[in-house]
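A.B. asks: Build me a model:
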Amino acid sequence: IDLKCVIKEFAVISRKNKKKITKFASGGGDGAEVIYALRNSGALSRKIANELETEGQNVRKFYQRRLPSDPSKDYYFIMRDTPNTEAIIVEYGFLDSTGDDVNQLKNNWEKYAEAVVRGLANYLGVVYVPLEGSGYYVVKKGDSLWSIAKKYGVTVAALKELNNLTSNSLSIGQTLKIPGNEEGETPSDEYINYQVKVGDTLYGIANKYGVTVNELLNYNNLSSTNLSIGQVIKIPNTMANVYIVVAGDSLYKIANKFGVTVDEIKKANNLNSNLLNIGQKLIIPSNGNDDSSGYTVVAGDSLYSIARKYNTTVDAIKSLNGLTSNTLRIGQVLRIPGKRDYITYTVKAGDNLYRIAQTYKTTVSEIIKLNNLTTSNLVIGQTLLLPD
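C.D. replies: Numbers count the residues shown, from 1 in each chain. You can find the predicted model right below:
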């Protein structure tokens, strides 16, 4: 049997069916358990347990369990009835736990399932290929903890602590978790991590996030524009269009709000699904549209720069828009002194663009243009700008 094919197939099945293969045990305990057959050693279970601990789940134990009526046999039929295999059962946690299992399983089940894939790959001695943006790095020839730490802007101590390393020795193909680079998270409130992929250039990344190459060079202390796959580029929130997900959000709703498409948001954030988490930060593809009725705030804007652009004053813009501070948010629409005025309208049940256009004596196309809409579909509670 080609073990590389086996692990590849297992990884594909696991990643497509994580909810189905993830076992949640009951019994009032707290933490993960890994059970292995009487005929096997605990080596595989130990590796899987270690990977689960790396993801933050406490492991109660990994062990063998015997059938009370016949101690020479395994307790579980799946092990008794599958001879000549290395069968294991992974219990990721307990849903009736009095500890923290319930929230951990709710928030981290995908990471725990992926941990099993890593553990199996490590056990079989094949190279684990991380999911894009999953926060892992596979050691290559010539790597050292120092070079990896420098590449990702972290310390050697942080790498060793997170990966439970007791020495600086590395092996080719070893998988390391990178501090502050977990999928769907950002390492600080100041910047976003972007992991370089095949075909990326610094110019392409800068263009995607509406910044300049020089800004990225300076912020990341880069001496050249050369990039390596897996390298992390820090993009300051003050440069990029950043949106923080709140309760009730969906990719469609956010895309509609900022006048972009769901696919554009998914591509900019390397998302593989439409699922969002409250507090998650999303890059909004740059959209610097302005029109005769208002101006949509983009990355890098300030009241001063907007006032200069439209030959007006900061105080005039603040007064017209009812602003009490100079703080702006990306995607915010400002009324510009001397330009056509408008009102805001909150979408209600039964509304459609045609009916709203008729009521406010405008056209559907004008509403679409004013609000940067890519579709005529509306969401209850959505705010629209309408000509006054």
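A.B. asks: Now R80. Nearest residue, chain neighbours left out?
C.D. replies: Closest residue to R80 apart from its sequence neighbours, by Cβ to Cβ, 6 or more residues apart in numbering: D74 at 4.9 Å. For the C-beta atoms, the positions are set from N, CA and C on the backbone; glycine is no exception.
A.B. asks: Against V196, how distant is that neighbour?
C.D. replies: 47 Å (Cβ to Cβ, to the nearest Å).
A.B. asks: For the two, work out which one has more neighbours and name it.
C.D. replies: More crowded of D74 and V196, by other Cβ atoms under 10 Å: D74, with 22 against 17.
A.B. asks: ok, that one - contacts?
C.D. replies: By Cβ atoms under 8 Å, 6 or more residues apart in numbering, D74 lies in contact with A37, L38, Q64, R65, R66, L67, R80.
A.B. asks: likewise L275?
C.D. replies: If you count contacts by Cβ under 8 Å, 6+ apart, L275 has none.
A.B. asks: ok, now Y354?
C.D. replies: Y354 sits next to V364 when contact means Cβ under 8 Å, 6+ apart.
A.B. asks: N377 now?
C.D. replies: N256.
A.B. asks: Try it again at 10 Å.
C.D. replies: Contacts here follow Cβ atoms under 10 Å, 6 or more residues apart in numbering; on that basis N377 touches Y252, N256, N352, L353.
A.B. asks: Also S224?
C.D. replies: Taking Cβ under 10 Å, 6+ apart as the test, what S224 contacts is L202, L217.
A.B. asks: can you tell me which helix or strand it belongs to?
C.D. replies: For S224, there is no enclosing helix or strand under DSSP states H and E.
A.B. asks: And it, what's its pLDDT?
C.D. replies: pLDDT, S224: 83.
A.B. asks: Now the phi/psi pair for the residue nearest to I233 when sequence neighbours are not counted, please.
C.D. replies: Closest residue to I233 apart from its sequence neighbours, by Cβ to Cβ, 6+ apart: Y194 at 4.7 Å. Backbone torsions of Y194, given as degrees, to the nearest 10, read phi -120, psi 120.
A.B. asks: Run a quick neighbour tally on Y194.
C.D. replies: 22.
A.B. asks: again, but for the one 3 residues further on
C.D. replies: Applying other Cβ under 10 Å, we find 14 other residues in the vicinity of K197.
A.B. asks: quick one on the thing from earlier: now the residue nearest to I233: how far from L159?
C.D. replies: Separation of Y194 from L159 (Cβ to Cβ): 20 Å.
A.B. asks: Where strands are concerned, which of the contacts of D74 count?
C.D. replies: Here DSSP state E is the test, and those give R66, L67 as lying in strands.
A.B. asks: Which single one of the contacts of D74 is nearest to N270?
C.D. replies: A37 (38.7 Å; Cβ to Cβ).
A.B. asks: Under a three-state scheme, what state does I330 occupy?
C.D. replies: coil (DSSP: H, G, I helix; E, B strand; the rest coil).
A.B. asks: Tell me how far stretch 117-130 lies from the chain's centre.
C.D. replies: 23 Å (Cα atoms, centre = their mean, to the nearest Å).
A.B. asks: Stretch 141-159 too?
C.D. replies: Counting by Cα atoms, centre = their mean, stretch 141-159 is centred 22 Å from the centre of its parent chain.
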